[in-house]
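> Next comes the sequence, and after it the predicted model I'd like to discuss.
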Amino acid sequence: MTNQQNVVVVDVKPHGGVKPPLSLPVAKSFSPQDLKLLLMKKRFETENAWVLDSMRASSPTRISNPTTTSLPETDVKSSWIVHHPSALNMFEQIVTASKGKQIAMFLDYDGTLSPIVEDPDRAFMPREMRAAVRDVARYFPTAILTGRCRDKVYSFVKLSGLYYAGSHGMDIKGPSKSSKDNNNGKQGVLFQPASEFLPMIDEVYKALVEKTKSISGAKVENNKFCVSVHYRCVDEKSWATIAEQVRSVLNHYPKLKLTQGRKV
Ligand SMILES: O=P(O)(O)OC[C@H]1O[C@H](O[C@H]2O[C@H](CO)[C@@H](O)[C@H](O)[C@H]2O)[C@H](O)[C@@H](O)[C@@H]1O
């Protein structure tokens, strides 16, 4: 007697019908180990289906390869705009609604103040945009909110009179009282509630670099209180693999949360 229990799996059609046998009846026997692997694979495919869908949809304002999508880029853009109307088209209403109120400006960085580019280290802010932000900050308290490391976004924006909220708000600093364009954005940290996690996040960063190094085009960015794994330059065929690699690292860190952005 053996403790190996064989399981018979019949090949089933997607909508529930059993495939008619073509030559021999389709039947396979699996050891418990095989079955466990099969179930893990199935679970991975199910869990990753939504991840892959959202990975595909994660860059609404840009399509790197229009031939792989059924909608022309202009249609995708206009359908996105229907759900995200420009504030400029409602300027009068905004002005009316803000009468007697304190206005504050909250600005995203990537894709808002800078164009989306393939290399995150080269997402430079155009000079005209910097001048516009400087003007706005003269009139209203102005904050830049970003998933980036605060120092990194400061090195792009280079305006000292602003609030900077880096690492998705885990690292916030306001302008110092004697705010001039020479304080490097480094004084007076106001809010860093997750400092105790820094060693853990550094460990995760290293593990992700190691894990994804075989995937061409993958890039891991250390954003101090969070880590970004970029797949903008990764072949779509490898997206499931990179998603699984990230998940496998994060499984060891239940206190950390996995979220998605634009091709990150
Ligand atoms: O601040 P968010 O708008 O939430 O974006 C967070 C990510 O921004 C950066 O990545 C994005 O811009 C890159 C440069 O254009 C682009 O290559 C990437 O595909 C975009 O997701 C930043 O590099 C990431 O670390 C942030 O997570």
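Perfect, thanks for sending it.

> how many other residues sit next to residue 245?
For residue 245, the neighbour count with other CB atoms under 10 Å is 21. C-betas here are computed from N, CA, C, even on glycine.

> That one: which element?
helix 239-250 (DSSP states H and E).

> how about that helix: buried residues?
239, 240, 241, 242, 243, 244, 245, 246, 249, 250 (16 or more other CB atoms under 10 Å).

> Just list the residues touching the residue nearest to residue 224 when sequence neighbours are not counted, thanks.
Using CB to CB, 6 or more residues apart in numbering and skipping residues adjacent in sequence, the residue nearest residue 224 is residue 149, 4.4 Å away. Taking CB atoms under 8 Å, 6 or more residues apart in numbering as the criterion, residue 149 is in contact with 166, 167, 171, 222, 223, 224.

> and what of residue 209?
residue 220.

> any idea how far the ligand is from it?
Distance, residue 209 to the ligand, by CB to the nearest ligand atom, to the nearest Å: 14 Å.

> How about residue 86?
17 Å.

> Share the number of residues neighbouring that residue, please.
Residue 86 has 8 nearby residues by other CB under 10 Å.

> Can you pull the phi and psi angles for it?
Backbone torsions for residue 86, taken as degrees, to the nearest 10, come to phi -70, psi 140.

> What residues does the residue of the stretch 151-264 of the chain found nearest the ligand make contact with?
The nearest approach of the stretch 151-264 of the chain to the ligand comes at residue 228, 3.3 Å away (CB to the nearest ligand atom). For residue 228, the contact set (CB under 8 Å, 6+ apart) comprises 120, 147, 220, 221, 261, 264.

> and if you look at residue 242?
Counted by CB under 8 Å, 6+ apart, residue 242 has contacts 212, 215, 218, 229, 231, 234.

> hmm, try it at 6 Å
When contacts are counted by CB atoms under 6 Å, 6 or more residues apart in numbering, residue 242 touches 215, 218, 231, 234.

> Could you do residue 245 as well?
Counting by CB under 6 Å, 6+ apart, residue 245 touches 211, 212.

> and what of residue 250?
residue 258.

> Could you report the distance from it to residue 169?
Residue 250 sits at a distance of 20 Å from residue 169 (criterion: CB to CB, to the nearest Å).

> Contact residues of the stretch 51-200 of the chain facing the ligand?
108, 109, 110, 111, 116, 117, 118, 120, 123, 146, 147, 148 (CB under 6 Å from any ligand atom).

> tally of neighbours for the second one?
Residue 109 has 20 neighbouring residues, counting by other CB under 10 Å.

> Buried residues of the one helix or strand residue 80 maps to, list them for me.
Here residue 80, judged by DSSP H and E, is contained in helix 73-83. Buried positions in helix 73-83, judged by neighbour count with 16+ other CB under 10 Å: residue 76.

> quick check, nearest of the contacts of residue 228 to residue 161?
residue 147 (22.3 Å; CB to CB).

> Neighbours of the closest one, how many?
Neighbours of residue 147 (other CB under 10 Å): 24.

> Offset the numbering so it begins at 563, please.
Noted, 563 is the first residue going forward, which turns the last one into residue 709.

> how about the strands in the protein?
With DSSP state E applied, the chain shows strands at 569-572, 589-592, 667-670, 704-707, 725-728, 733-735, 751-753, 781-784, 789-792, listed in chain order.

> Show me which helix or strand of this protein is least confident by mean pLDDT.
The helix or strand of the chain with the poorest confidence is strand 569-572; it has a mean of 33 (mean pLDDT, DSSP states H and E).

> ok so, going back, output the contacts of residue 804 in TSV, with distance to the ligand and pLDDT appended to each entry.
Listed next are the contacts of residue 804 as TSV, based on distance: CB to the nearest ligand atom, whole Å; pLDDT from 0 to 100:
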residue	distance to the ligand	pLDDT
777	15	98
780	12	98
793	8	97
796	11	98
